[in-house]
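> got a structure for you, letters missing:
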């Protein structure tokens, strides 16, 4: 854990902006992830698939926490399934984040997952994914107003205590930029659902967290996009940075 004299160091896994169809938008997305932890006092260590073996090792060796961010679909072979709707797969990113997850597990470092990050955490921990969910992607960020939908927090979970400290059991309306999802039956061992949303495929897990052990929380929405996310989610970033600081 970090010393009290320095900020917690959080590895933030990112897409390779230059390799995306719209590099300028990809770079803006990356900056939002970095800013989400930096503004709460963390030192962000950005890492993408172009990082060398030495750069990855150095980042993991000083990692106090891990933020797994949004992006392309995971390779379904990682969870033992044929391709049933996965697109835009980035094997190099899967490899990077799998290694980052393993390092976080070894160090007992807190992990926060966002969108793809939720799905990656579930897969790396032994779960599976629903590869295509109709009506959940909406227009891409920067291409019009976000598609939104309500989610229901599960009372008593860490996520609910952070997002709904009054324990009012309220619903939150969140943005929706994903076409893949985790259903209750897809959850990895050791994870529980902390929020649900509705879909034509039945209830979807909109947040998950670990039952025990190191701090592990993930959300399916994009809380770093503050223009389409309730302000309550800022407390999630604050709680993550606090957990990484060991306070």
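Great, that's in hand. Keep in mind it's a predicted model, so treat the numbers as computed, not measured. Numbers count the residues shown, from 1 in each chain.
> so which bits of stretch 128-137 are buried?
128-133, 136 (16 or more other Cβ atoms under 10 Å). Glycine gets a C-beta too; all of them are placed from N, C-alpha and C.
> Three-state assignment for residue 54, please.
Classification of residue 54 using DSSP: H, G, I helix; E, B strand; the rest coil returns helix.
> could you number the chain from 849 rather than 1 from now on?
Sounds good: first residue 849 from here, last item residue 902.
> can you count the residues close to it?
8 (other Cβ atoms under 10 Å).
> do you know how far it is from residue 1077?
Going from residue 902 to residue 1077 by Cβ to Cβ, to the nearest Å gives 36 Å.
> those helices in this structure, which residues are they?
Using DSSP state H, the helices found in the chain span residues 871-886, 901-909, 939-955, 964-972, 1006-1011, 1082-1092.
> adding distance to residue 930 and mean pLDDT, write those out as CSV.
Formatted as CSV, the helices of the chain follow (distance: least, Cβ to Cβ, whole Å; pLDDT from 0 to 100):
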stretch, distance to residue 930, mean pLDDT
helix 871-886, 29, 94
helix 901-909, 30, 98
helix 939-955, 16, 98
helix 964-972, 15, 98
helix 1006-1011, 32, 96
helix 1082-1092, 34, 98
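> wait, which of those is closest to residue 927?
helix 964-972 (4.9 Å; Cβ to Cβ).
> can you name every helix or strand that that closest one contacts?
If you count contacts as 3 or more Cβ pairs under 8 Å, 6 or more residues apart in numbering; DSSP states H and E, helix 964-972 packs onto strand 913-916, helix 939-955, strand 959-962, strand 1052-1058, strand 1064-1067.
> deepest of the ones you listed, which one?
strand 913-916 (a mean of 29; mean count of other Cβ atoms under 10 Å).
> residues in contact with that one?
Here strand 913-916 makes contact (Cβ atoms under 8 Å, 6 or more residues apart in numbering) with 856-861, 881, 884-885, 890, 892, 945, 948-949, 951-952, 957-962, 964-965, 968-969, 1066, 1088-1089, 1091-1092.
> enumerate every residue touching residue 858.
885, 890-893, 911-915, 1089, 1092.
> same thing but at 7 Å, please
885, 890, 892-893, 912-915, 1092 (Cβ atoms under 7 Å, 6 or more residues apart in numbering).
> rebuild these as CSV, extending it with distance to residue 1038.
CSV is the format used below for those (distance: Cβ to Cβ, whole Å):
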residue, distance to residue 1038
885, 24
890, 25
892, 27
893, 26
912, 21
913, 18
914, 16
915, 20
1092, 20
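> which of the residues you listed sits closest to residue 1022?
residue 915 (18.0 Å).
> run through the bridge partners of the closest one.
Counting by DSSP bridges, residue 915 is bridged to residue 860, residue 960.
> and it, what's its pLDDT?
We note a pLDDT of 98 for residue 915 in this prediction.
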